[in-house]
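[1] A structural model of the following input is requested.
(one chain, ligands or ions: 1)
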Amino acid sequence: MFIDTHCHLTDSYCEGVDNNDIICRAMDAGVGVMICPTADPSDIPAALKLADTHKNIFCTIGIHPEYVPLDAEQYLTESVLTHPRVVGIGEIGLDYHYGADNRAQQIKLFEQQLDIARKYALPVAIHTREAEEDTAAILTGDVGGVMHCFTSSWNLAKKMLDRGFMFSASGILTFKNAGEIRETFAKIPLDRIVIETDAPYCAPVPYRGKVCEPAMVIETARVLAQVKGVSLEQLKTLLAENVKRLYPKIEL
Ligand SMILES: [Zn+2]
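    Reported below is the predicted structural model:
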């Protein structure tokens, strides 16, 4: 089975779309496990409920930089993080795409969540956009995890490889103009790669422009298999092993 390591399945992201339909279509397509992150802390109860009610859904809990200023301690509580279905902290990180005015607040929230990850020994799912330098300066290697929807430079990939991180390929890997990202993934060792949809965003070719859902992760797998020169079957096995290493709490 394939595993979608990052799909937003909580209601506020997929309004008007039936979660159960999405989950059924994923399973029909051979996507047996889904990991649902949070970005907006108000989605935490919905993410936990999904994971509690579906045997094949796990979640990571975190606050995306877009929601600063917030106190992470208020949301990433002990009862949430020790929940058996919560396998990591994410998505967290830095996003300077919309300007520089709240950088200090973003860094504060990011560091606060990394401290929590250390305390609970949980891996992190990192969002980074137009913030490579600060991301590399903050993630010094004492916390492990995954660079989610990785589209940054080979330069950042090299640094994060040295620090033990994994890299998640999203639907962007299939885009016609994503040659540079395919080259980066060609260079990243196969035991450091996982895949995701980042649903409902970034639908892969041939579904571009549609609402993305976990079933579509197969298209990213197809392109990754070509990039790495392995069969889809081989890739499936390797990726599942990587997910187990990335998120040790997950039961597969
Ligand atoms: Zn995401």
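[2] CA atoms for contacts and neighbours, from now on please.
    Will do.
[3] what about the protein, any weak spots by pLDDT?
    Low-confidence segments of the chain, defined by pLDDT under 70: 11-17.
[4] what's the biggest strand in the protein, counting residues?
    In the chain, taking DSSP state E as the definition, the longest strand is strand 86-95.
[5] quick one: buried residues of it?
    For strand 86-95, the neighbour count (16 or more other C-alpha atoms under 10 Å) marks 86-95 as buried.
[6] could you list the paired strands of it along with their orientation?
    Strand 86-95 has the following strand partners under DSSP bridges: strand 57-60 (parallel), strand 124-129 (parallel).
[7] could I get these as TSV with distance to T10?
    Conversion of these to TSV gives the following (distance: least, C-alpha to C-alpha, whole Å):
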stretch	distance to T10
strand 57-60	11
strand 124-129	17
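[8] could you pull out the helices for the stretch 1-150 of the chain?
    19-28, 44-53, 78-81, 103-120, 132-138 (DSSP state H, counting those that start in this stretch).
[9] how about TSV for these, with mean neighbour count and distance to I193 added?
    As requested, those are exported to TSV (neighbours: other C-alpha atoms under 10 Å; distance: least, C-alpha to C-alpha, whole Å):
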stretch	mean neighbour count	distance to I193
helix 19-28	16	20
helix 44-53	18	24
helix 78-81	14	25
helix 103-120	18	21
helix 132-138	14	19
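[10] about what we covered before: export the strands paired with strand 86-95 to JSON lines and tack on mean neighbour count and distance to A169?
    Output for these, formatted as JSON lines (neighbours: other C-alpha under 10 Å; distance: least, C-alpha to C-alpha, whole Å):
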{"stretch": "strand 57-60", "mean neighbour count": "28", "distance to A169": "17"}
{"stretch": "strand 124-129", "mean neighbour count": "24", "distance to A169": "13"}
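[11] what separates the residue lying closest to H127 once chain neighbours are set aside from V243, distance-wise?
    Nearest residue to H127, sequence neighbours excluded (C-alpha to C-alpha, 6 or more residues apart in numbering): G93, at 4.8 Å. Remark: distance between G93 and V243 (C-alpha to C-alpha, to the nearest Å) = 20 Å.
[12] and what of M34?
    11 Å.
[13] higher neighbour count, these two?
    M34 (28 against 22; other C-alpha atoms under 10 Å).
[14] just checking, the more buried one touches N56?
    Yes. With contact defined as C-alpha atoms under 8 Å, M34 reaches N56; the gap is 6.3 Å.
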